[in-house]
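1. have a look at this prediction, sequence included:
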There are 2 protein chains.
Amino acid sequence: MSIETRHLRCFLAVADTLHFGRAAEQLHLAQPAVSRTVRQLEREVGTELLTRSTRSVALTAAGEEYAARARAVLDQVGLAGEAARNIAEGRSGVLRLGVTGAATYGYLPDLARVAAAAIPDVRLHVETEMLTPQQEQALVEDRLDLGVLRSPVGSPDVDHVVLRPERLVVALPESHPLAAGGPDTVVDVADLADEDFVTYADRSGSVVLRAVLAACAEAGFVPRRPHQVTATATAVALVAAGRGVSLLPETASALTLSGVTFRPTTTGQQLDLALAWPAGRRRPVVTRLLEALHEAGLAPRVPQDRPGPRHTPTTTPQEASA
Amino acid sequence: MSIETRHLRCFLAVADTLHFGRAAEQLHLAQPAVSRTVRQLEREVGTELLTRSTRSVALTAAGEEYAARARAVLDQVGLAGEAARNIAEGRSGVLRLGVTGAATYGYLPDLARVAAAAIPDVRLHVETEMLTPQQEQALVEDRLDLGVLRSPVGSPDVDHVVLRPERLVVALPESHPLAAGGPDTVVDVADLADEDFVTYADRSGSVVLRAVLAACAEAGFVPRRPHQVTATATAVALVAAGRGVSLLPETASALTLSGVTFRPTTTGQQLDLALAWPAGRRRPVVTRLLEALHEAGLAPRVPQDRPGPRHTPTTTPQEASA
DNA sequence: GTGCACTCATGCCCTAGAAGAATCAATCGT
DNA sequence: ACGATTGATTCTTCTAGGGCATGAGTGCAC
């Protein structure tokens, strides 16, 4: 046999009242049951916790210590349940978030602010510079809870909601002739034909890269791409250094580096910033965040999670909270 | 019904193996029992902890959190038992110690050193300047575990062992004529007849005061006592300030203050420094300390605690460990 | 000092509920 | 499509936790 919380509750009742009968009453038990249960506990612990002398009861020094710890244990059991419920109902917990390059600067700060305000006890685990397909896979494999990515979303096991249509803007060195006009001066993509381009690297599936190449093709040229980067900040830094120009989603213009100016462009290419989650097993904390974002005007209304494919978690479950 | 450690162990086994059958095996139970117990736990906690899909099992986020906390709870239950056993076997715990005035300086430091060395996890709660009868009463009433006091011990409910016979020494201002000789020069008590004496106050039962008065009577005079103090250090300080002389137990001479010299005296009065504990309920930590003191040559051999009067703890039990 | 009242322990019995066995249902892989 | 695997369900069995009656020890009253 081993120690059950029943034993602890019983012992604590006696420790509080210093009276078996009174303790029994308090526990809605008969006195002999209390006697036996406490004795079992002592036997299990391996030492006397109470000094009984048919007329009175006192705690031994060991019993004092044990009582304090037993109380802590019962508290912890209660708190554990509360913590679990909080997580289950989205009031706390780790939210594993993936973010594409540009959205890190134009959307993540707002999201983080809303999350902190709406969910008292949320901890964000953010992975940035994740391409859309990477995020999709991570969502399906339960390595992410929520992705900030660009549609189109391919996987049927990932649900998403479009946040806003985005145009491509051009990042120009401040000294560039095309940056001469006011901030609203629209730059014709065709005028960039002779520029060096800073683009994302040819990793598989960058939605932005595809849009950039399409915009250039639309304007009738294939961009020269001497500089290829994997992080948005690097692209902007290279532009600031005068190494070329870069077509980026609007959100990237939040990343203001001295020496860089952003201008709207003529391209019809459109990028959709979106939030995505695993279909059918959207975490409550995600649902709560989506609602908060909606209320803050940072996301559209999002319906209940559809039952979805209930994909059996195959490999890695959620990582343990450290 | 409420949550028992049985539920936690069951759940943790499943959380570890992610397999009900395997968990059952590990727990020496049949699979259905595990199923039911985990379900009970979930019902009790109020939320799903596991995602089951007949082919596989995974923890929910709430389950991850709960598992971590449940593990902590079981650990704590184990540690609580260990802590209790340690206290019961005298390897740790609070030792409430009373010390008479002079012994604070001549014996307590040694005792504290030995205690720290012999008992890994002991905490001393020391009350100093306690007169012998005060200590006796505190021992009987379970407000002290061990007293450093002076025999004779009156109460039959207090056992004691004499540490050493002590002579009275005289504390003299450095400039005093009697302090002229070497440190071994014996001072005749009769020569102090015309001095101002610094003595303990006339509180009831100071063994030292009684011995001092007896020594003076022996030498044929009644001391003039313009200064009465309640703390040994104060007495020595007053002597240092040249306000008088003081007869003190040898142990007090460990309290070297500049301006004070100690000299042996001719008096036959004897004081016994002793260790005392409540008869019949000597705490294990005390027993252990007594043994250690014996091994260090700081106390005589002390026998097992006699069964004693097994005095029912009437009023205050041991104070809770803070 | 004797008796009474109080309180914790013990023995016996009973039943609630925990565990086992057999079976079902769902899902994945071949 | 079928078999293998695995968790859930049902029914039965039996353990052990709880109640009742009682005993034993102790302090208190008179």
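-> Looks like it arrived, so ask away.

2. hmm, A:Gly98 and A:Gln134 touching each other?
-> Yes: in this structure A:Gln134 lies within contact range of A:Gly98 using CB atoms under 8 Å: 7.5 Å. C-betas here are computed from N, CA, C, even on glycine.

3. between these two, which has more neighbouring residues?
-> A:Gly98 (26 against 21; other CB atoms under 10 Å in any protein chain shown).

4. can I take it that the more buried one is in a strand?
-> Yes: counting by DSSP: H, G, I helix; E, B strand; the rest coil, A:Gly98 is found in a strand.

5. run through who's touching the host helix or strand of A:Gln228.
-> Element membership of A:Gln228, judged by DSSP states H and E, is strand A:224-229. Residues outside strand A:224-229 that contact it (CB atoms under 8 Å, 6 or more residues apart in numbering or on different chains): A:195-202, A:235, A:238, A:243-244.

6. now list the buried members of those.
-> A:195-200, A:235, A:238, A:243-244 (16 or more other CB atoms under 10 Å in any protein chain shown).

7. can you redo these as TSV with distance to DNA strand C?
-> Putting these into TSV (distance: CB to the nearest atom of the strand, whole Å) gives the following:
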residue	distance to DNA strand C
A:Glu195	51
A:Asp196	49
A:Phe197	45
A:Val198	44
A:Thr199	40
A:Tyr200	35
A:Ala235	41
A:Leu238	46
A:Arg243	49
A:Gly244	48
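
8. can you tell me which of these are in helices?
-> Members of those lying in helices (criterion: DSSP state H): A:235, A:238.

9. between the buried ones among the contacts of strand A:224-229, which sits nearest DNA strand D?
-> A:Tyr200 (42.2 Å; CB to the nearest atom of the strand).

10. okay but the closest one is in contact with A:Ala211, surely?
-> No: taking CB under 8 Å as the definition, A:Tyr200 is not a contact partner of A:Ala211, at 10.4 Å.

11. pull the distance from the lengthiest strand in chain A to the chain's centre.
-> Using DSSP state E, we find that the single longest strand of chain A is strand A:158-173. Mean-position distance between strand A:158-173 and its chain equals 21 Å (CA atoms, centre = their mean, to the nearest Å).

12. within the helices and strands, which one has the residue of the stretch 1-150 of chain A found nearest DNA strand C?
-> In the stretch 1-150 of chain A, no residue comes nearer to DNA strand C than A:Pro32, which is 2.9 Å away by CB to the nearest atom of the strand. Assigned by DSSP H and E, A:Pro32 belongs to helix A:31-45.

13. can you give me the strands in the stretch 201-322 of chain A?
-> A:224-229, A:246-249, A:260-264, A:270-278 (DSSP state E, counting those that start in this stretch).

14. now do the phi/psi pair for the residue nearest the centre of chain A.
-> Geometric centre of chain A, nearest residue: A:Leu95, 2.5 Å, by CA atoms, centre = their mean. Main-chain dihedrals, A:Leu95, degrees, to the nearest 10: phi -110, psi 110.

15. against A:Glu129, how distant is it?
-> Distance, A:Leu95 to A:Glu129, using CB to CB, to the nearest Å: 18 Å.

16. just confirm the residue nearest to the centre of chain A contacts A:Leu289, I think it does.
-> Yes: A:Leu95 is within contact range of A:Leu289, at 6.8 Å (criterion: CB under 8 Å).

17. count the residues that sit near the single nearest residue of the stretch 151-300 of chain A relative to chain B.
-> Of all residues in the stretch 151-300 of chain A, A:Arg283 sits closest to chain B, at 6.3 Å by CB to the nearest CB. By other CB under 10 Å, 25 other residues sit near A:Arg283.

18. just the pLDDT for it.
-> We have a pLDDT of 87 for A:Arg283.

19. one more: A:His160?
-> pLDDT at A:His160 comes out at 92.

20. quick one: contacts for it?
-> A:147, A:149, A:151, A:153, A:274-277.

21. show me what it is bridged to.
-> A:Ala276 (DSSP bridges).

22. ok, it to A:Gly106 distance?
-> From A:His160 to A:Gly106 the distance is 18 Å (CB to CB).

23. contact residues of the stretch 51-200 of chain A facing chain B?
-> A:51, A:53, A:55-56, A:58-70, A:72-73, A:76-77, A:79-81, A:83-85, A:87-89, A:93-94 (CB under 8 Å from any CB of the partner chain).

24. so which of those reach DNA strand C?
-> Counting by CB under 7 Å from any atom of the strand, A:55-56 from these sit close to DNA strand C.

25. what sits against A:Tyr200?
-> The contact partners of A:Tyr200, taken as CB under 8 Å, 6+ apart, are A:101, A:206, A:208-209, A:212, A:228-230, A:235.

26. please enumerate the helices of the stretch 1-150 of chain A.
-> Taking DSSP state H, counting those that start in this stretch, the helices of the stretch 1-150 of chain A run over residues A:5-17, A:20-27, A:31-45, A:61-88, A:103-106, A:108-118, A:132-140.

27. okay if I get the ones you listed as TSV plus mean pLDDT?
-> Shown next, in TSV, are the helices of the stretch 1-150 of chain A (pLDDT from 0 to 100):
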stretch	mean pLDDT
helix A:5-17	91
helix A:20-27	88
helix A:31-45	90
helix A:61-88	91
helix A:103-106	90
helix A:108-118	94
helix A:132-140	89
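
28. in the stretch 101-250 of chain A, where is pLDDT below threshold?
-> The stretch 101-250 of chain A contains residues with pLDDT under 70 at A:204.

29. near DNA strand C, which residues of chain A are found?
-> Counting by CB under 7 Å from any atom of the strand, chain A comes close to DNA strand C at A:18-21, A:31-32, A:35-36, A:38-39, A:52, A:54-57, A:310, A:312.
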